[in-house]
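1. Quick one: sequence plus predicted model below, questions after.
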Amino acid sequence: MPSTFEDFGTRFLYPDNWTIQARERDRDCEGVTLDLPRGGFFSVTRHFAHSDPEKLLTQIGDSMKSEYPEIETDPLAVSDEDDFFLESRFYYLDLLIISRAIAIETQQDVVIVQCQAESREFDANEPVFQAILQSLRESIDTPE
């Protein structure tokens, strides 16, 4: 049975065996992270004051490069839904980790969704990630 998250102008369904880790709001953003039972996470962060989505994803990529110098990152791209996204791969403890960050522009803000897990866990949960993302998109006002 899915659970529902609803806060900071977002609403989405997620598996009820995932654990929610609330984060403190600051002046620039607020968000939530969901931990997968077998490792990995799905996070949603709303950045206020209509931030630049490309710049936010570049900052995420730069931060990950500083943490994992051997990271491989695909060029910034645009999805079928006109969202910007960035996908990266790196090794951690001999495991291949996949990280995907997606920037969704709303009428006032930018919502960043990041999902990350070991490659087999990522592949197994990709349909779930897509379903959560779809329910999130349906709850926010995107520019026309």
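-> Structure received. Numbering: from 1, shown residues only.
2. gap between Gln108 and Arg46?
-> As defined by C-beta to C-beta, to the nearest Å, Gln108 lies at a distance of 10 Å from Arg46. In short, each C-beta sits where N, CA and C put it, glycine included.
3. Who has more neighbours out of the two?
-> Shown here are Gln108 and Arg46; by other C-beta atoms under 10 Å, Arg46 has more neighbours (23 against 13).
4. Please pull up the helix or strand immediately following the helix or strand that one falls within.
-> Using DSSP states H and E, the secondary-structure element containing Arg46 is strand 41-47. With elements assigned by DSSP H and E, the helix or strand that comes after strand 41-47 is helix 53-67.
5. That following helix - contacts with which helices or strands?
-> With contacts taken as 3 or more C-beta pairs under 8 Å, 6 or more residues apart in numbering; DSSP states H and E, helix 53-67 sits against strand 72-73, strand 84-92, strand 95-105, strand 110-118.
6. Please dump the ones you listed into CSV; it should also carry mean neighbour count and distance to Ile60 for every row.
-> What follows is these, written out as CSV (neighbours: other C-beta atoms under 10 Å; distance: least, C-beta to C-beta, whole Å):
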stretch, mean neighbour count, distance to Ile60
strand 72-73, 14, 10
strand 84-92, 17, 7
strand 95-105, 20, 5
strand 110-118, 22, 7
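7. which one of those lies closest to Leu34?
-> Comparing the helices and strands packed on helix 53-67 by their distance to Leu34 (C-beta to C-beta), the top pick is strand 110-118, with 9.2 Å.
8. And the helix or strand that the closest one is followed by, what's buried?
-> Note on strand 110-118: by DSSP H and E, the next helix or strand toward the C-terminus is helix 119-139. Applying a neighbour-count criterion of 16 or more other C-beta atoms under 10 Å, the buried positions in helix 119-139 are Glu121, Phe122, Asn125, Val128, Phe129, Ala131, Ile132, Leu133, Ser135, Leu136, Arg137.
9. tell me the angle helix 119-139 makes with strand 110-118.
-> Here helix 119-139 points in a direction 160 degrees away from that of strand 110-118 (axes from the mean of the first three to the mean of the last three C-alpha atoms, to 10 degrees).
10. Make 334 the first number, not 1, from now on.
-> Happy to do that; since the first residue is 334 now, the last one works out to helix 452-472.
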